[in-house]
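S.K.: compute the structure for the input listed below.
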Amino acid sequence: MNTQPVDLLIRDATIFRMVPGEEPLKHMDIAIHQGAIVAIERTGALEVAASQTLDGSHCAVLPGFVNTHTHLAQVLLRGTTESCGISSWFLFNRPRVQKLTPDDVYWFSLLGIAEFIQSGITTFADMFFFEDRVAEAVSQTGIRACLGQGIISVPGAEAIYGPPEKQVANAVEFALRWNNAAGGRITTRLAPHAIYTLSEDVLRETAAAAQSAKLGVMTHVSEADFEMDFTRERYHATPSEKFGEWGFLDVPFLAAHCIHVTASDLDLMDRPGVGISHNPTSNLKVRTGRADLPRLIERKQLAVGLGTDSAASNDSLDIRKEAYLAALIHEWPEGTNAARQCLDMATREGARAIGLSDQVGTLEVGKQADLILIDLDRPHLTPLNDLARVLIYAGHSDDIISVIVAGKLIFHNRQFLTLDVDRVMQAARQRAQRILN
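M.R.: Reported below is the predicted structural model:
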């Protein structure tokens, strides 16, 4: 009898593949080889010779979580603001962010990635500055990311990042250089900040560059009242309407927030390749409002994922907390399985929102082996009456015992395998003290 060699076998687990309409499956084995899932079968049915075997008998195995919107290096500003609106938050945040050096961005990115990994996030979308250093951190730690070099025009920015036109060119160069790097774990987009922080000429140039270079775009859309007032006064339209007019919706497009979108905005955005990132904690904390999530996910083609936004406006980078909050704060129709909806957003729909659903987001043969093992043998998860509800409403980040990306263990038995977390925390403390003082 011939046995197939595989790199990793997870035995006797409860797997939640996150395939539409499918419930968790008990007593299952998952075989992983050369970074991909090669088989999913009932325990004992696979004829494989594994280089490494993990016991999943007390675990749930899920696709890794997807964080669809963050500014990773702003973990610097965790715990610095509260009880203020977004305008005051910007005034506090901006001068401190502008003190960040490329090395600062690298070390704070490592710190944020450590938090991602231990909370089960295997893929994230990040838009920031000195994004080369974020890419280096991603490459070294084994996580997966969609990255965009920021483009912005606000007081103080041009002295650091150059004029906006030069920023567009730099963003394109970054995207082309890093796309599909780190064994395919890094994908890239252009990342203009927002309609209110860039001129029409620069935004048109960015859209044209995205189309010419065949790149996607991620940006903030309809986040705040002042943004809506600005756009109505300047353009006599909504942000979504202008982004559509300028050609942004003709390329893969990720819109963060979308709190104040209209029904016609959603009609316009309901097309393949367009995604929304819902960021409930950040939106509540900086008082920008609450997106109508049940209305957003009703669309046929529009993908809606979950995002933490930055630790400057959230404090936490735990996507499960976003799923918990999203399941609670919205007026779901009675009888809705909100927990399953939000778990979908944290996995399959998040992957679809950032254009990676062909690679990650569900556990299927042929897809990348990005998955997490969750310890179910814990008092706060007992009894396990419904897995989705228990994970969303009762789960903790430290329930996650192992994290695998592209078939490689990067976190196992609650220990980091690809970074020296003590060294990272020490460096982050020293750099934060210098910048905040």
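S.K.: distance of F230 from T101?
M.R.: Here the criterion is C-beta to C-beta, to the nearest Å. By it, F230 lies 31 Å from T101. Where C-beta positions appear, they are placed from N, C-alpha and C, glycine not excepted.
S.K.: now do V403
M.R.: On the measure of C-beta to C-beta, V403 and T101 end up 29 Å apart.
S.K.: please apply the same query to F253.
M.R.: To T101, F253 is 31 Å away according to C-beta to C-beta.
S.K.: which one of the two is surrounded by more residues?
M.R.: Counted by other C-beta atoms under 10 Å, F253 and T101 do not tie: F253 has more neighbours, with 27 against 14.
S.K.: quick one, phi/psi of the closest residue to C59 other than its chain neighbours?
M.R.: Spatial nearest neighbour of C59, excluding adjacent residues (C-beta to C-beta, 6 or more residues apart in numbering): L373 at 4.6 Å. Dihedral pair for L373: phi -110, psi 120, per degrees, to the nearest 10.
S.K.: surely W89 touches S313?
M.R.: Yes. W89 is in contact with S313 according to C-beta atoms under 8 Å; the separation is 6.5 Å.
S.K.: overlap in contacts of these two?
M.R.: Common neighbours of W89 and S313 are listed as 81, 286 (criterion: C-beta atoms under 8 Å, 6 or more residues apart in numbering).
S.K.: show me how far stretch 350-362 is from its chain's centre.
M.R.: 11 Å (C-alpha atoms, centre = their mean, to the nearest Å).
S.K.: first-to-last residue distance for it?
M.R.: 11 Å (C-alpha to C-alpha, to the nearest Å).
S.K.: ditto for stretch 348-367
M.R.: Using C-alpha to C-alpha, first and last residues of stretch 348-367 are 12 Å apart.
S.K.: what comes up buried for that stretch?
M.R.: 348-357, 359-363, 367 (16 or more other C-beta atoms under 10 Å).
S.K.: just these now: which is nearest M28?
M.R.: Of all the buried residues of stretch 348-367, M28 sits closest to L363, with 9.4 Å by C-beta to C-beta.
S.K.: quickly run through the sheet partners of the longest strand along the chain, with directions.
M.R.: Across the chain, the longest stretch assigned as strand under DSSP state E is strand 4-15. Strand pairing for strand 4-15, determined by DSSP bridges: strand 25-33 (antiparallel), strand 48-55 (parallel), strand 59-63 (parallel).
S.K.: what ranges do the helices span in the stretch 1-150 of the chain?
M.R.: Listed in chain order, the helices of the stretch 1-150 of the chain (DSSP state H, counting those that start in this stretch) span 86-97, 102-118, 131-141.
S.K.: low-confidence stretches in the stretch 101-250 of the chain?
M.R.: In the predicted model, the stretch 101-250 of the chain carries no residue with pLDDT under 70.
S.K.: now the strands: where do they sit in it?
M.R.: 121-128, 144-151, 186-192, 216-221 (DSSP state E, counting those that start in this stretch).
S.K.: okay if I get the ones you listed as JSON lines plus mean neighbour count?
M.R.: Shown next, in JSON lines, are these (neighbours: other C-beta atoms under 10 Å):
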{"stretch": "strand 121-128", "mean neighbour count": "28"}
{"stretch": "strand 144-151", "mean neighbour count": "27"}
{"stretch": "strand 186-192", "mean neighbour count": "26"}
{"stretch": "strand 216-221", "mean neighbour count": "26"}
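S.K.: distance to L76 added to those strands, as a markdown table?
M.R.: Listed next are the strands of the stretch 101-250 of the chain as a markdown table, based on distance: least, C-beta to C-beta, whole Å:
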| stretch | distance to L76 |
| --- | --- |
| strand 121-128 | 11 |
| strand 144-151 | 15 |
| strand 186-192 | 19 |
| strand 216-221 | 20 |
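S.K.: from V251, how far off is L317?
M.R.: In this view, L317 and V251 are 28 Å apart by C-beta to C-beta.
S.K.: so between those two, which is more surrounded?
M.R.: L317 (27 against 19).
S.K.: that one in helix, strand or coil?
M.R.: coil (DSSP: H, G, I helix; E, B strand; the rest coil).
S.K.: run a quick neighbour tally on D309.
M.R.: Neighbours of D309 (other C-beta under 10 Å): 26.
S.K.: quick check, pLDDT for the nearest residue to it once chain neighbours are set aside.
M.R.: Distance criterion C-beta to C-beta, 6+ apart; nearest residue to D309, sequence neighbours excluded, is S282 at 3.5 Å. Looking at S282, its pLDDT is 97.
S.K.: ok, S282 touching L306?
M.R.: No. Using C-beta under 8 Å, S282 is not in contact with L306; the gap is 11.0 Å.
S.K.: who's more crowded, those two?
M.R.: Neighbour count, other C-beta under 10 Å: between S282 and L306, L306 has more, with 31 against 27.
S.K.: pull the contacting residues for that one.
M.R.: When contacts are counted by C-beta under 8 Å, 6+ apart, L306 touches 66-68, 277-280, 319, 322-323, 326, 342, 345-346, 350.
S.K.: what about 7 Å?
M.R.: 68, 278, 319, 322-323, 326, 345-346, 350 (C-beta atoms under 7 Å, 6 or more residues apart in numbering).
S.K.: contacting residues for I404?
M.R.: Counted by C-beta under 7 Å, 6+ apart, I404 has contacts 369-371.
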